[in-house]
Every structure is written in C-alpha cells, then in structure tokens.
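Enquirer: sequence unavailable; structure follows:
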Ligand code: HEC
Ligand code: HEC
C-alpha cells in the first residue's frame with residue numbers, strides 16, 4: 001500500500017513537471033496577450049525573456065523530404081509555398097491580393113540549403129517562434145501573438161486572419177519546425193534573430209559603402225536597390241532578386257547596425273555565420289549606403305502604431321540607441337552620430 005502511495009506521489013510529481021514542460025509558450029507571468037505595458041514593465045518583460053535557458057542551434061539537418069505525408073504534410077507544404085512565393089500568393093498581383101508584400105518572406109527569413117524558409121542561422125529564423133511568442137512589440141507596447149506579428153509583416157494585411165487556411169498552414173509549419181529540430185519548451189536558442197558582430201570602433205561610411213554595394217550587390221539588387229522582377233511580374237511572378245526598398249524609413253532594417261548584422265552572415269549569397277564574405281566594417285558601410293543612398297517612404301502611423309515622428313515614444317527605455325529619423329532629431333550633428341555611430345552597444349536590439 002505504502003509502495004503504491006509512493007508510486008502515485010512519484011507519478012503526480014512527474015505529471016506536474018510534464019505539465020510545466022509541455023507549456024508551449026513563453027511564460028508570460030502576469031502579462032496577457034493584448035495587454036499594453038508601460039516602459040518599466042517592458043524592461044522587466046525583456047529581462048525575463050532574456051533569462052530563459054539557452055539551447056544551442058540544432059545540428060539536425062532537416063530537408064523537405066522530412067515533411068510528413070497526409071493532410072498535415074499538405075498544410076506544411078502550403079506554408080512553405082506561401083513563405084517562399086509570397087508575392088505570387090498573397091502579394092498585390094498574387095492569387096489572393098492580401099496586403100502589400102512585394103517581397104517574399106524568405107527574402108529576409110532565409111532558408112538554409114534545405115530550401116525551407118526561416119531555417120538559416122542568424123537570418124531571422126522561425127525555429128523557436130512558439131517559445132518566443134507571445135512577445136512584447138516595442139512599437140505598440142502591446143503583447144502580441146505570433147499571428148499578429150505575421151500580419152504586421154504584410155503591412156496592413158488584416159485579411160490574413162487566424163482562421164484562414166493560410167494562417168493555419170503557417171502556424172502548422174512553425175510547430176513542425178520546433179518539433180523537428182527538437183527544441184525544448186521554454187528555451188531561447190542560440191543562432192536566432194541576428195548575429196553578434198565584431199563592430200569596428202568608427203562610424204559607418206556610406207561613401208565606401210557605395211563602392212562595396214556596386215561591386216558586391218548591385219548586380220542582383222540593381223543600381224537603385226529595386227531588385228529584379230521576373231517576367232510576368234504583373235501576373236504575380238514576383239522578383240527573382242528582392243528589392244531593398246521593402247522596408248520604410250523608421251523600420252527595423254533602416255537602422256544601420258540592425259541591417260549590417262543581417263547582411264554580414266547572409267550576403268552576398270553563399271555567406272554564412274561561420275564563413276562570412278564581407279568584413280564587419282564592409283557590412284556596416286554597405287548598410288549605411290543602402291539606408292542613405294535610396295529614397296524610401298516613411299513608416300506610416302496606424303490605429304495602434306505611432307507614425308515616424310512618435311515611433312518608440314511609449315517606450316523611451318526600449319528605443320534602440322541607433323534609431324535615427326530626422327523627424328525626431330533636429331540637431332544635424334546628433335542625427336549623424338545616432339545614425340552612423342559608433343554606437344555603445346550595436347549588437348543589442350531590445351527584445352532579441
Ligand atoms: C524586408 C525583410 C522582411 C520580410 C520580407 C519579412 N520579414 Fe518578418 N521580420 C523582419 C524583421 C526585421 C523582424 C524582426 C521584427 C521585430 O522583432 O520586431 C521580423 C520578424 C518576423 C517574425 C517574428 C520573428 C521573431 O524572431 O520575433 C515573424 C513570425 C515574421 N517576421 C514573419 C514574416 C512573414 C510571414 C513574412 C512574409 C509575409 C515576413 N516576415 C516578411 C523582416 C522581414
Ligand atoms: C547573386 C545575387 C545577389 C547578390 C550579389 C546579393 N544579393 Fe542580397 N539577396 C539576394 C537574394 C536572392 C535574396 C533573397 C534571399 C534568398 O533568396 O536567399 C537577397 C536578400 C537580401 C536582403 C534581404 C531582403 C531584401 O530585399 O531586403 C538584403 C538586405 C540583401 N540581400 C542585401 C545584399 C547586400 C548588401 C549585398 C551585397 C553585399 C547583396 N545583398 C548581394 C541576391 C543577391
């Protein structure tokens with residue numbers, strides 16, 4: 001009898017631990033989806049977020065062949081198609097014409113050699129999304145779900161609601177990635193978001209950046225950064241080489257250290273984190289040129305989101321140190337310093 005009680009107690013403990021372990025999402029503690037946080041609450045949120053245990057980048061080599069057969073596999077394959085051929089499916093000339101993506105998701109959430117979007121190390125990968133969300137969005141200071149983030153990515157793509165086949169497919173894909181790469185619950189993973197780069201202690205130089213761009217980038221992204229369209233573009237064929245004008249002034253990629261950290265382990269194609277092609281100095285200069293030499297539209301305000309003049313005003317402590325828009329910094333000397341650096345902590349982005 002005693003033995004059975006002990007066994008039952010043991011089983012209960014296991015169940016309790018399993019209960020904790022199967023928690024699919026980050027422990028938000030006292031925060032709830034949709035809640036608006038204050039600046040100090042935001043700081044606390046990210047402190048907890050960063051303190052999650054870290055799992056190394058998985059060594060598993062996943063390929064398209066690992067996608068299961070049957071209805072689940074079909075959903076996953078559809079998601080791969082949406083994320084790879086976004087322009088043809090939801091873009092303004094695509095089948096569904098939702099939102100305005102004139103760029104494919106995979107252009108930034110890059111694929112490893114396996115062709116699966118969001119699997120390349122340090123290119124904003126999708127492997128750990130189910131642990132990373134719900135998450136605080138520093139522009140709106142709201143706790144958002146991963147599907148909210150997906151909708152933000154298509155700039156006013158409200159048609160891509162949670163109950164669409166397309167959102168369900170993409171969520172199934174994210175689940176499958178986490179499972180297949182054997183990512184534990186509640187962890188952060190190394191290799192996610194962007195690389196930590198060895199920044200030179202000097203300002204970024206858009207003049208040398210122009211030269212680097214012309215020699216290493218312009219053949220694909222074009223002399224004006226417009227990329228190259230496929231024949232049949234107006235019928236939804238999309239780009240063969242993506243435009244570098246997809247992000248607005250004030251968007252994440254408009255911040256030079258942020259863009260440099262993206263470019264360094266990914267561009268020109270063939271570059272990887274362990275075998276980059278540009279030096280960190282070349283990456284910051286190229287990023288400076290891309291964010292200086294081409295005309296862009298300013299980030300637009302929306303019901304939730306502040307426009308460029310007020311961006312990050314709700315979260316002064318979380319505003320990136322290198323967020324430079326002339327609308328907010330009237331002193332030209334100060335503007336140049338914030339935009340081109342050198343920065344105190346360029347490897348840090350709030351919330352990564
Ligand atoms: C021009 C580059 C670019 C394109 C194209 C793009 N994204 Fe993103 N995406 C980003 C950046 C930068 C972030 C980080 C934003 C942040 O954390 O606030 C991001 C974040 C995300 C996240 C959350 C990742 C994380 O680590 O927090 C998801 C999910 C996502 N994007 C999905 C998509 C989908 C789906 C598409 C296509 C419809 C897409 N993105 C297209 C640049 C891009
Ligand atoms: C051989 C063609 C080629 C060259 C050269 C090249 N890129 Fe790319 N670039 C691509 C492709 C293709 C993608 C989309 C990602 C993918 O499909 O792997 C991309 C994606 C990007 C993106 C993210 C998507 C976007 O359009 O905003 C940036 C930023 C970028 N490249 C910058 C650069 C920079 C900077 C250089 C030069 C140092 C460069 N690229 C050189 C082909 C090229």
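Expert: In hand now; what should we look at? The structure displayed is predicted, hence computed values, not measured ones. Ligands and ions are numbered 1, 2, ... in the order given.

Enquirer: how about stretch 152-166, does it reach ligand 2?
Expert: No: residues of stretch 152-166 are not located near ligand 2 by Cβ under 6 Å from any ligand atom, the shortest gap being 12.4 Å. For the C-beta atoms, the positions are set from N, CA and C on the backbone; glycine is no exception.

Enquirer: what's the average pLDDT for that stretch?
Expert: The average pLDDT for stretch 152-166 rounds to 85.

Enquirer: start and end of that stretch, how far apart?
Expert: Length of stretch 152-166, first residue to last, Cα to Cα, to the nearest Å: 15 Å.

Enquirer: that stretch near ligand 1 at all?
Expert: Yes: contact of stretch 152-166 with ligand 1 (Cβ under 6 Å from any ligand atom) involves 153-154.

Enquirer: give the buried residues for that stretch.
Expert: Buried positions in stretch 152-166, judged by neighbour count with 16 or more other Cβ atoms under 10 Å: 152-155, 157, 160, 166.

Enquirer: between those, which is nearest residue 217?
Expert: residue 153 (23.1 Å; Cβ to Cβ).

Enquirer: next, the contact list for the closest one, please.
Expert: Listed by Cβ atoms under 8 Å, 6 or more residues apart in numbering, the contact set of residue 153 reads 101, 105.

Enquirer: my reading is that residue 40 lies in a helix. Confirm?
Expert: Yes: counting by DSSP: H, G, I helix; E, B strand; the rest coil, residue 40 is found in a helix.

Enquirer: so it sits right up against residue 317, yeah?
Expert: Yes: at 7.4 Å, residue 40 counts as touching residue 317 under the criterion of Cβ atoms under 8 Å.

Enquirer: who has more neighbours, these two?
Expert: A count of neighbours by other Cβ atoms under 10 Å puts residue 317 above the other of residue 40 and residue 317, at 13 against 10.

Enquirer: how confident was the prediction at that one?
Expert: For residue 317, the pLDDT comes out at 94.

Enquirer: related to what we said a few turns ago, nearest to ligand 2, of the buried residues of stretch 152-166?
Expert: Nearest to ligand 2 among the buried residues of stretch 152-166: residue 153, at 12.4 Å, using Cβ to the nearest ligand atom.

Enquirer: ok, so what distance separates that closest one from residue 144?
Expert: Separation of residue 153 from residue 144 (Cβ to Cβ, to the nearest Å): 12 Å.

Enquirer: go on, residue 317?
Expert: Distance of residue 317 to residue 144, computed by Cβ to Cβ: 19 Å.

Enquirer: same check, this time on residue 101
Expert: To residue 144, residue 101 is 19 Å away according to Cβ to Cβ.

Enquirer: neighbour count: those two, which is higher?
Expert: A side-by-side neighbour count of residue 101 and residue 144, using other Cβ under 10 Å, places residue 101 first with 21 against 18.

Enquirer: ok, that one touching residue 89?
Expert: No: contact between residue 101 and residue 89 fails when scored by Cβ under 8 Å: they sit 9.4 Å apart.

Enquirer: which bits of the stretch 201-350 of the chain sit near ligand 1?
Expert: Residues of the stretch 201-350 of the chain lying close to ligand 1 (Cβ under 6 Å from any ligand atom) are 246-247, 252-253.

Enquirer: and the spatially most central residue of the chain, what pLDDT?
Expert: In the chain, the C-alpha nearest the mean C-alpha coordinate belongs to residue 124, at 4.3 Å (Cα atoms, centre = their mean). Looking at residue 124, its pLDDT stands at 98.

Enquirer: so how far is residue 125 from the residue of the stretch 251-352 of the chain found nearest ligand 1?
Expert: Nearest residue of the stretch 251-352 of the chain to ligand 1: residue 252, at 3.9 Å (Cβ to the nearest ligand atom). Separation of residue 252 from residue 125 (Cβ to Cβ): 15 Å.

Enquirer: next: residue 299.
Expert: Residue 299 is 24 Å from residue 125, by Cβ to Cβ.

Enquirer: what's the answer for residue 260, then?
Expert: For residue 260 relative to residue 125 (Cβ to Cβ), the value is 18 Å.

Enquirer: what's the answer for residue 145, then?
Expert: Residue 145 is 18 Å from residue 125, where distance means Cβ to Cβ.

Enquirer: which of those two has more residues huddled nearby?
Expert: Applying other Cβ under 10 Å to residue 145 and residue 125 shows that residue 125 carries more neighbours, namely 23 against 16.

Enquirer: now do the SS call for the more buried one.
Expert: With three-state DSSP as the basis, residue 125 sits in coil.

Enquirer: pretty sure it sits against residue 117.
Expert: No: assessed by Cβ under 8 Å, residue 125 is found out of contact with residue 117, at 9.2 Å.

Enquirer: got any residues that touch both of those two?
Expert: With Cβ under 8 Å, 6+ apart as the test, residue 125 and residue 117 both reach residue 109.

Enquirer: pLDDT below threshold where in the stretch 1-150 of the chain?
Expert: Across the stretch 1-150 of the chain, the ranges flagged by pLDDT under 70 are 1-29.

Enquirer: could I get the full set of strands for it?
Expert: With DSSP state E, counting those that start in this stretch as the criterion, the stretch 1-150 of the chain has strands at 54-55, 135-137, 142-144.

Enquirer: looking at these, which is buried most?
Expert: Mean neighbours per residue, mean count of other Cβ atoms under 10 Å, is largest over the strands of the stretch 1-150 of the chain for strand 135-137, with a mean of 23.

Enquirer: what backbone torsions are found at the residue of the stretch 251-352 of the chain closest to ligand 1?
Expert: Dihedral angles of residue 252 (phi, psi; degrees, to the nearest 10) stand at phi -60, psi -50.
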